[in-house]
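# Only the shape, not the letters, is given here:
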């Protein structure tokens, strides 16, 4: 009888821990980590011949949802690559001309003409990364990104 009572109390303790964990899981809101309370907008990245991609490095926090706009001026076929960065995040959606794409992953993006793209992503893996224009070596043609 004592064994059964002991197991019953242990099971109740585990249920209490699960319920406590469930309450903590909803501290962001019903959408969890994808809720607006966990979302930040990043400064816009610009793709234009001879102009810097960003005004400075970006510092992100692991577990935070971010939205970034990338705008190309149409001065050429311009893109951004950063396979290390794209593997350190989870891409929720890419919005191009109001159309939402939910990819499994990305390695790069490219603009053949002027336009804007929004990428919503969750920063996951801490480290130092970059996004850069393919085939360039200039410091202004890349943006350093740190996930803490």
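That came through fine. Please read these numbers as outputs of a predicted model, since none were measured by experiment.

# Which parts of the chain belong to which domain?
Following automatic domain parsing, the chain resolves into domains at 1-30, 32-147.

# quick one: which of the ones you listed has the weakest pLDDT on average?
By mean pLDDT, the lowest-scoring of these turns out to be domain 1-30, with a mean of 49.

# What is the neighbour count of residue 144?
Around residue 144 sit 16 other residues, with neighbours defined as other C-beta atoms under 10 Å. Placement of C-beta: from N, CA and C, glycine included.

# Tell me the spatial nearest neighbour of the residue most central in space within the chain, not counting adjacent residues.
Per C-alpha atoms, centre = their mean, the C-alpha nearest to the average position across the chain is that of residue 121, at 2.6 Å. Of all residues not flanking residue 121 in the chain, residue 89 sits nearest, at 4.4 Å (C-beta to C-beta, 6 or more residues apart in numbering).

# How about the contacts made by that neighbour?
Taking C-beta atoms under 8 Å, 6 or more residues apart in numbering as the criterion, residue 89 is in contact with 121, 122, 123, 124, 125, 147.

# let's go with 7 Å and repeat that
Taking C-beta atoms under 7 Å, 6 or more residues apart in numbering, we find residue 89 in contact with 121, 122, 123, 124.

# mind listing what's buried in whichever strand or helix holds the second one?
Spelled out, that is residue 122. According to DSSP states H and E, residue 122 maps onto strand 115-123. Judged by neighbour count (16 or more other C-beta atoms under 10 Å), strand 115-123 contains these buried residues: 117, 118, 119, 120, 121, 122, 123.
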